[in-house]
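Colleague: Got a sequence here, can you model it:
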Amino acid sequence: MKIELDPIGKIHSPFKQREGMPIQPTGAKGVQGSVEIYDQFKDGLKDLDGFSHIILLYAFDRSKDYDLQLIPFMDDTPRGVFATRAPKRPNPIGLSIVKLDRIENQTLYVQNIDVLDGTPLLDIKPYVTDFDRPENVRSGWVEQSKDKVSTKRSDDRFK
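Modeller: The predicted structure follows:
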């Protein structure tokens with residue numbers, strides 16, 4: 001089975017290259033960006049302005065190939081790709097939860113953006129605390145290095 005997805009828009013950010021950019025929205029606190037929604041999808045934005053945060057699903061369009069085991073940014077130990085958020089994946093899909101400041105026409109203005117400029121947007125979902133924040137969460141190997149996420153920056157390991 002082959003699945004084809006067409007972008008619904010494009011993400012704009014101050015990050016023109018991977019090296020040196022934040023690796024998660026937590027490390028991009030206050031970084032402003034915008035999301036351009038293509039004309040044919042603009043009617044889908046109705047009622048989105050009632051949400052303070054949104055989930056962006058996007059294609060890691062500049063990642064080539066994938067590794068089933070890799071060394072993630074926040075660790076020195078090889079990990080299984082599905083236990084990481086690394087961009088080199090069998091299906092290169094990324095997600096970020098960002099703060100939605102406002103919507104003007106078909107442009108969403110957001111904060112805490114950790115995405116490369118020009119990244120194709122696949123979908124938007126509203127962040128709903130009661131649905132998206134489970135209780136009794138375990139964070140696996142990340143637990144030991146979670147304090148690093150706000151200062152850790154991308155390097156060239158996932159070209």
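Colleague: so when I look at Q40, I'm seeing a strand, right?
Modeller: No: counting by DSSP: H, G, I helix; E, B strand; the rest coil, Q40 is located in no strand; its state is helix.
Colleague: D123 versus that one, what's the distance?
Modeller: The spacing between Q40 and D123, counted by Cβ to Cβ, to the nearest Å, is 14 Å. Every residue, glycine included, has its C-beta placed from N, CA and C.
Colleague: ditto for T77
Modeller: According to Cβ to Cβ, T77 and D123 sit 32 Å apart.
Colleague: Can you check the pLDDT for S145?
Modeller: In this prediction, S145 carries a pLDDT score of 67.
Colleague: ditto for S96
Modeller: 95.
Colleague: what's it in contact with, if anything?
Modeller: Contact analysis of S96 by Cβ atoms under 8 Å, 6 or more residues apart in numbering lists Q24, P25, I55, L56, Y58, N112, I113, D114, V115.
Colleague: now with 7 Å?
Modeller: Residues near S96 by Cβ atoms under 7 Å, 6 or more residues apart in numbering: P25, L56, I113, D114, V115.
Colleague: Same question for I97.
Modeller: Per Cβ under 7 Å, 6+ apart, neighbours of I97: P25, H53, I55, Y127.
Colleague: Pipe those into CSV and attach pLDDT per row.
Modeller: What follows is those, written out as CSV (pLDDT from 0 to 100):
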residue, pLDDT
P25, 73
H53, 96
I55, 97
Y127, 95
